[in-house]
Structure formats: C-alpha cells, structure tokens
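1. sequence and predicted model, in that order:
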Amino acid sequence: MAPVSCTDSEQSHKAVQPVLFSDVNINDPFWTPRLDTLKNVTLEVCIDQIENQTGRIRNFENAAKGEGQHSGIYFDDSDVYKALEGMAYSLKNNPDSALEAKCDEWIAKFAAAQQPDGYINTFYTLTGLDKRWTDMGMHEMYCAGHLIEAAIAYFEATGKDKLLDVAKKMVAHMMDLFGPGKRHWVPGHEEIELALVKLYSLTGDRQYLDFAQWLVDERGHGHGSYSEFDAVHYQDDIPVREMTTINGHAVRAMYLFCGMADIAACTGDEGYIQAMLRVWDKIVSRKMYITGGIGHTGHFEGFSADYDLPNAEAYCETCASIGMVLWNWRMNGMTGDSKFIDVMERSMYNGVLSGISLSGDRFFYVNPLETDGNHHRQAWYGCACCPSNLCRFIPSVGNYIYGTSADAVYVNLFIGSSTTVNGLGICQETSYPWNGDVSIRVSAPKSVNRTLKIRIPGWCRNWTASIGGVQIDPAESSMDRGYLCINRKWKGETVIRLSFDMPVEVVSADPRVKADEGKRALMRGPLVYCMEGIDNVGTYQSARLDSTTTFTTEYDASLLCGVQTISAETPEGTLLFVPYYSWDNREACPMKVWVDYGTLED
C-alpha cells in the first residue's frame, strides 16, 4: 500500500505526493482502536489461518522439497504475501521482535520454494512446472505482484532484502520470457503492474516501469487467452487508452487503474489519464453504491448494466472497495482534486470497514445492502483475498490523511494525528466521523511560506472556520478544487478550527436505479446508516420514512464499540439506525440500507 515515488523529473506529473503512514502518528478515538485490534487480533488470526487452519504455508514447504500435494486454490500464495505485507506495515510503526521473527521464518520458506530460474508459484511447482505460463487466467503474475509488494514493505520496515532478492529474481524470470520481441502476455488478474512501478520507485531501475507499461499496453489487442470468461471480464476487450466505461471483474479493474495511474504519474501518459477520467465518471455516476461499493453481480464478481444496483443481491466485494480507496487516492495525487478523496472516504468508512468485524476476527467477502438475516461474517474463506487485504490496508490508513506539493500541505482526511511536512508541524484533534468539529494546530519553528489546503467534504453543505480565533467567511474564502486554501507565512503556533454541519441527510437514488424506487437512505457526514431488525422489533418490516419524519442523533458508547445512532420519529413509531459498517456484530437479524418512503396513500 506504500505510495509510488518517481524520479525528480517525473514527479512533475503528480500534483500531490502523499505523506507516508510511517511519518504520521495516529491518536484518534475512532481509528486508534481499529489499529490496535489489527495489531493484536487480526494479524494473529491471519497467521493462524495460514499456518494451522489451511495449507497455505505448507504449500511453500512442499514446494521447497519438490514433493507433496498443493492445498487450496491456485492463487493462495497471494494471501500469504498480503498477510506478510500487513505484518511489515505493523512492524513499521510498532516494532515487535516476535512478529519480525515470524516474518523471517516465512521468508526463508518462500526463498527455499523458488526455482533455480527465479520462478516462484507453489501451485505449478507442485502440479507440474511444464504447465506454467500456459493460461493467462491462472494468476501467476498476480501472485508475483503481491510478492513484490510484500518484499518492498518488509525491506522498508526492517532493511532486510532477502525477500526483495526473491522478488527481483521472479521479475527477471518474467522479463526473460515476456516483453517487446518476446512472448505476448495479458495477466488475467491485474496487480503486477502497480507492483512493478513500486519496484521501479524503490530501485530507480527503469526496466521495471517499462515492463509495467508494456503489460498494460498488451490489453485489447487479441493477445489474451483464458480458460474461462471472456475478454471483457479481464479488461482485455479494447486498448486501455480507448476505454470509455468499465465492465468485467471489479477488483481486477481497480488494480488495472491503480497501475495505469502509477505509470501516468511517472510518464505523464495523457492517454491513460483521459481514459481513467472517463471511466471514473461512469463508475461514480452509474455503477457505484451509496456505500462506495462496486461490482454488483456475484456471477463474475463484477459490473453489469448502468444503474443496475440491486440491494439484497449486491456483491460489493471488500477487495473492490479497497481498490476504490487505492485508485481514488492515486487520482487525487495526479489531479489535486478533492472529489476523488470524497469517493475514497465514502468507500473507506462504509465499503471497507464493513468487511471486518468490530472484534477484528471475522470478515465479509460480500457486502450486501439488504439481507434477511442469513448473511454473516466468517472466520476465513476458501478464497481469502479479503481478510488478507484488510490485514494490509488497515495499518496503512495513515497514508491517506495528508499530502504535500512544492508549496502546499494538504489535509485530506479528518483523523486525530500528527506529522511534520514541508517545515510545518500539523496536529489534528477531532471526534470525526461522529461530529464535524476539527482542530488543526500548525506549528513552524522558523518562518515558512506555505499554503495549507484543507478539504471541505463534498457531503458538507455548511461549514465554519476560524484561524487563530478569527472567523473567516466561507463565501469569501479562497477555494481550489474542493480545498479551503490558507496561504500565509507561518511562524510559531496557529490553531485552525473547522466545524462541518452534520445533519441527517435523506438520500434518494438516481431515478434510473429501479431497485431504489420509492425508497430513501440515511447518511450523516461520511457514514451510511442502516436498520437492523434487532433494534426495530415489530417495526422493521413496516418501516417507512416520509416528509414528516424527524431525526435525532445520540452517541451511545455502550453500543457497537461506540456509535452515533439516528432515531427517526415516524407516524408508525420510532426507528433506530446504526452505521452500515457496524451491522452484523450482534445476533443474527435482517438489515437494510434503503427504506420505503412516502405515506401509505402515496
């Protein structure tokens, strides 16, 4: 999850550089407990599943010996790499000798499983190396991409390069086979592309960037060959620069766009940028759920027709929401436009956080917006991409709070935290997302001329701000692409206070979304709310909102690890709503986001 950084001459193609999570200290009432749970519970759950409950680590042991059966799915290596990446991120901010020793133990097994020619993939090593590189849909490069990301993360956390050497050897093996004048190849599941750019960023070796771009440009020219689904499923039906909309598998699409964004950030490829802008608009306006989730159909884990967004059948894979965070973060970096952070925040607080239980030990793969009470988080999955992806995403959340450019510092998310960037110390205090009050203390030991750009969330209709106790008029404030711009010479300490109004918003869907006709959903700030049957016994089935409904909110520290609830007073009685991310953390019961709206006479 670490951001890409190119050479000095290439950085001009990126408007905003992120501030690394390792340079951000989070002290936040909402996020700190989640980070602690990840470190103390989720990592241990993933380690136990990989070592004891499944055969994932045993596959590497068997591959090293060259004997034994392969256990699980052909791409299970990727889960181990993602878990290791999460362990590395945890080590970056929380050194732990026992956890580091576990990482070293796993890395030794990876290295032992690598073939003399650099190839590493336990499925083909144990089922027949003669079959490798014969089916583009078999995730060989996908697994290699996650290997690269894990290797870079662990190197940056510890300085140890054993796994990095393994990754480089695998990349050298792939580049020996594929590239200009060699074999064609279209990875069935994207991920290798963004990983290669990260490797370029780390090493400065241009061949990794060139190989990444060659792989992206292979798409849409008839080079792909797969054993299931069609070219649309794999984003291989048209050249990427000609894309006007998005189809196919949702997670693969997100990783493709992340790779394209990273390449464009280094090369300025205008064809990539314009294609992504076109596709982004189509996704957000036609194919995205209110939760920021994408990909409604479980048949192929992807997109269907425009405005086809059913609720009970919504797939909304957790990994796809993570992909939305990663891609929109990159789009903001390229453009400096806060609209991408608005979508990133929506996906993060709703589509991603719903994927993990409050206890940190159970997971959603699928995130519907309505259920009869039979959909629950599980301890693990046969296809465990989502738990392992959460394992690496949550400890990297600090990446998304701040950004920097040559003359500005950006505040993108409102999370209690501190950092030092461009000569300015920034310290945030807030109870966001429960209320919209944010205090930002800016300190400058020496006089520094910088613009502080603070995102005004797209969901916010009214806000106030003061600088050093002096109120500023929003109507007369300097704004740039959704950011409040405070341009001054900073010296000493200055306190900026913002207050974003957080009324309950009654949201209607685009009228072309047939599943939401005659229904409304509730939002407050960045959070989507839902009804659970456990809170609405006797009223759940008949629940109805109308124009006379009044709302009150209350913070309940004893409920769901502390949440702001919404009570809706209707003619039929009181309805209670809780944040969508928190559902299914109590006894089994039905849930819905979209509620009938209008009087019975209507």
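-> Arrived safely, thanks for sending.
2. now do the helices in the stretch 151-300 of the chain.
-> Under the criterion DSSP state H, counting those that start in this stretch, the stretch 151-300 of the chain contains helices at 162-177, 192-203, 206-217, 250-267, 270-282.
3. now tabulate those in JSON lines and tack on mean neighbour count, mean pLDDT and distance to Val506.
-> Yep, even glycine has a C-beta here, placed from its N, CA and C like the rest. JSON lines is the format used below for these (neighbours: other Cβ atoms under 10 Å; pLDDT from 0 to 100; distance: least, Cβ to Cβ, whole Å):
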{"stretch": "helix 162-177", "mean neighbour count": "19", "mean pLDDT": "98", "distance to Val506": "50"}
{"stretch": "helix 192-203", "mean neighbour count": "24", "mean pLDDT": "98", "distance to Val506": "39"}
{"stretch": "helix 206-217", "mean neighbour count": "20", "mean pLDDT": "98", "distance to Val506": "42"}
{"stretch": "helix 250-267", "mean neighbour count": "26", "mean pLDDT": "97", "distance to Val506": "28"}
{"stretch": "helix 270-282", "mean neighbour count": "17", "mean pLDDT": "97", "distance to Val506": "25"}
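4. Throw those helices into CSV and include distance to Trp106, thanks.
-> Shown next, in CSV, are the helices of the stretch 151-300 of the chain (distance: least, Cβ to Cβ, whole Å):
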stretch, distance to Trp106
helix 162-177, 9
helix 192-203, 18
helix 206-217, 24
helix 250-267, 23
helix 270-282, 35
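5. nearest to Val397, of those helices?
-> With Cβ to Cβ, the closest approach to Val397 among the helices of the stretch 151-300 of the chain belongs to helix 250-267: 16.8 Å.
6. end-to-end on stretch 217-233?
-> Stretch 217-233 has an end-to-end distance of 17 Å (Cα to Cα, to the nearest Å).
7. likewise stretch 426-440?
-> 7 Å.
8. if we can go back for a sec, so which of the helices of the stretch 151-300 of the chain gets nearest Arg586?
-> Taking the helices of the stretch 151-300 of the chain one by one with Cβ to Cβ, helix 250-267 is closest: 29.0 Å.
9. same for that closest one, what does it pack against?
-> helix 192-203, helix 206-217, helix 270-282, helix 318-335 (3 or more Cβ pairs under 8 Å, 6 or more residues apart in numbering; DSSP states H and E).
10. can you redo the ones you listed as a markdown table with distance to Ser78?
-> Output for these, formatted as a markdown table (distance: least, Cβ to Cβ, whole Å):
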| stretch | distance to Ser78 |
| --- | --- |
| helix 192-203 | 11 |
| helix 206-217 | 17 |
| helix 270-282 | 25 |
| helix 318-335 | 11 |
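11. Ala144 is nearest to which of those?
-> helix 192-203 (5.7 Å).
12. pull the CA atoms of the closest one into PDB?
-> Extracted C-alpha coordinates of helix 192-203, given in PDB (Å, rounded to 0.1, in the frame of the first residue of the first chain):
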ATOM      1  CA  ILE A 192       1.700  -6.900 -11.200                       C
ATOM      2  CA  GLU A 193       1.600  -3.600 -13.000                       C
ATOM      3  CA  LEU A 194       1.300  -1.400  -9.900                       C
ATOM      4  CA  ALA A 195       3.800  -3.600  -8.000                       C
ATOM      5  CA  LEU A 196       6.400  -3.200 -10.800                       C
ATOM      6  CA  VAL A 197       6.100   0.600 -10.600                       C
ATOM      7  CA  LYS A 198       6.700   0.300  -6.800                       C
ATOM      8  CA  LEU A 199       9.800  -1.700  -7.600                       C
ATOM      9  CA  TYR A 200      10.900   0.900 -10.000                       C
ATOM     10  CA  SER A 201      10.300   3.600  -7.400                       C
ATOM     11  CA  LEU A 202      12.400   1.700  -4.900                       C
ATOM     12  CA  THR A 203      15.300   0.800  -7.200                       C
END
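13. quick one: the helices in the stretch 451-600 of the chain, in order.
-> Using DSSP H, counting those that start in this stretch, helices in the stretch 451-600 of the chain do not occur.
14. just for it, where's the confidence low?
-> 600 (pLDDT under 70).
15. again, only using 80
-> 599-600 (pLDDT under 80).
16. same question for the stretch 101-250 of the chain.
-> For the stretch 101-250 of the chain, counting by pLDDT under 80, the residues that fall below are 227-228.
17. can we see that at 90?
-> 225-230, 246-247 (pLDDT under 90).
18. which stretch among the helices of the stretch 151-300 of the chain comes nearest Val409?
-> Going by Cβ to Cβ, the one of the helices of the stretch 151-300 of the chain nearest Val409 is helix 250-267, 19.3 Å.
19. now do the closest one against helix 192-203, angle only.
-> Helix 250-267 and helix 192-203 meet at an angle of 40 degrees, taking axes from the mean of the first three to the mean of the last three Cα atoms, to 10 degrees as the criterion.
20. got the angle between helix 250-267 and helix 270-282?
-> Going by the same axes, to 10 degrees, helix 250-267 makes 140 degrees with helix 270-282.
21. need the contact list for the residue nearest the centre of the chain.
-> In the chain, the C-alpha nearest the mean C-alpha coordinate belongs to Ile322, at 2.4 Å (Cα atoms, centre = their mean). Residues in contact with Ile322 (Cβ atoms under 8 Å, 6 or more residues apart in numbering) are Met254, Ser347, Val352, Asn389, Leu390, Phe393.
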